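quick check, what structure comes out for this input:
(one chain, ligands or ions: 1)
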Amino acid sequence: MVHLKITLRFTWRTAFHTTGNRWRWGADKALARRYDGTYVLPATSLKGALREQAERLLRGHVHICTAPAPAQMCQDPNHLCLVCRVFGNPKRPAPLRFTDMDLDQKPETTRIRAGVAISRRRRAAVPQRLYFVETTTPDFMEAHPTTLDGFFREREEAEEAAALVMLAVRALPALGAGRSRGLGWLTEAQAECQIDGAPLKQEVIERYWKQWLGGGQ
Ligand SMILES: [Zn+2]
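Coordinates of the predicted model:
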């Protein structure tokens, strides 16, 4: 088996919000926290955001199915599209394991912001729909590095997964809910890949990008 390890380092320049399932006094939507109370960017949110970027970039260049509707996703586990091979599919789980990204936040440092629900159809604020959302501190915030890892049968499969995640990370403009309100813009998103403990060369990654997107990349 071939072991792929990807280390992600994210830095934000604005506050962000990812809704969790905890209750917090004064907030209708509280930030996501782990069972031990640590503020996190949940693994599922991270994976979802990267998959969305990968699909957006590849569509029109290579064949990919239409997630998240299971009926429109690849049906044959032996012939999965590139995105399903790396991020998983109802028929085959992802080889890469995502973990939560820990954030240096405490209940005393997060903010509660008021928001007004806007009816998109009428483009008017409905006064009754005032709500409160908990966000991270509004300034620079560096998350603790997080690691994705996975085991692959062939080296090529591991390289392909590394290249796709790197491509999605490069394109990731913002992470978290409330992007239209200026929340959640990333300043920096870095990824480092290792295969069986050795750093993966940038040329190898770029070769995959060229193959998928053409020479101009
Ligand atoms: Zn697919």
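
CA atoms for contacts and neighbours, from now on please.
Noted.

could you check how far the closest residue to Ile64 other than its chain neighbours is from the ion?
When the adjacent residues along the chain are set aside, Ile64 lies closest to Cys81, with 5.3 Å between them (C-alpha to C-alpha, 6 or more residues apart in numbering). Separation of Cys81 from the ion (C-alpha to the ion, to the nearest Å) stands at 4 Å.

what does Thr147 give?
Thr147 is 24 Å from the ion, where distance means C-alpha to the ion.

look up phi and psi at that residue.
Thr147 has phi and psi values of phi -120, psi 130 when expressed as degrees, to the nearest 10.

neighbours around it, how many?
Residues lying near Thr147 (other C-alpha atoms under 10 Å) number 18.

same thing with Arg33?
Residues contacting Arg33 under the criterion other C-alpha under 10 Å number 20.

what's across from it in the sheet?
Arg33 has the following beta-bridge partners by DSSP bridges: Tyr39.

can you list the residues of the protein near the ion?
Residues of the chain lying close to the ion (C-alpha under 5 Å from the ion) are 65, 74, 81, 84.

let's see 6 Å
64-65, 73-74, 80-81, 83-84 (C-alpha under 6 Å from the ion).

most neighbours among the residues you listed, please name it.
Counting neighbours by other C-alpha under 10 Å, Val83 leads the residues of the chain next to the ion with 25 neighbours.

strands of the chain, start to end?
For the chain, applying DSSP state E gives strands covering 2-12, 40-41, 96-97, 101-102, 111-119, 124-135, 141-142, 146-152, 186-195, 198-199.

lowest average pLDDT across the ones you listed?
Mean pLDDT per stretch puts strand 124-135 lowest among the strands of the chain, at a mean of 71.

out of the helices and strands in this protein, which is least certain?
Counting by mean pLDDT, DSSP states H and E, the chain has its least confident helix or strand at strand 124-135, which shows a mean of 71.

if we can go back for a sec, of the strands of the chain, which stretch is the most buried?
Counting by mean count of other C-alpha atoms under 10 Å, strand 40-41 has the highest mean neighbour count of the strands of the chain, with a mean of 24.

measure how far that one is from the centre of its chain, please.
On the basis of C-alpha atoms, centre = their mean, to the nearest Å, strand 40-41 is displaced by 11 Å from the centre of the chain it belongs to.

what packs against it?
Applying 3 or more C-alpha pairs under 8 Å, 6 or more residues apart in numbering; DSSP states H and E, we find strand 40-41 packed against strand 101-102.

return the list of strands paired to the strand it packs on, each annotated with direction.
Strand 101-102 sits in its sheet next to strand 40-41 (antiparallel), going by DSSP bridges.

name the surrounding residues that touch the strand it pairs with.
18, 32-34, 100-103 (C-alpha atoms under 8 Å, 6 or more residues apart in numbering).

which one of these is nearest the ion?
Asp100 (24.3 Å; C-alpha to the ion).

for the closest one, give its distance to Phe16.
Noted for Asp100: a distance of 15 Å to Phe16, by C-alpha to C-alpha, to the nearest Å.

of these two, who's got more company?
Legend: neighbour count by other C-alpha under 10 Å for Asp100 and Phe16, higher for Phe16 (27 against 21).

just give me the neighbour total for the closest residue to that one other than its chain neighbours.
Closest residue to Phe16 apart from its sequence neighbours, by C-alpha to C-alpha, 6+ apart: Gly184 at 4.0 Å. Residues near Gly184, counting by other C-alpha under 10 Å, number 24.
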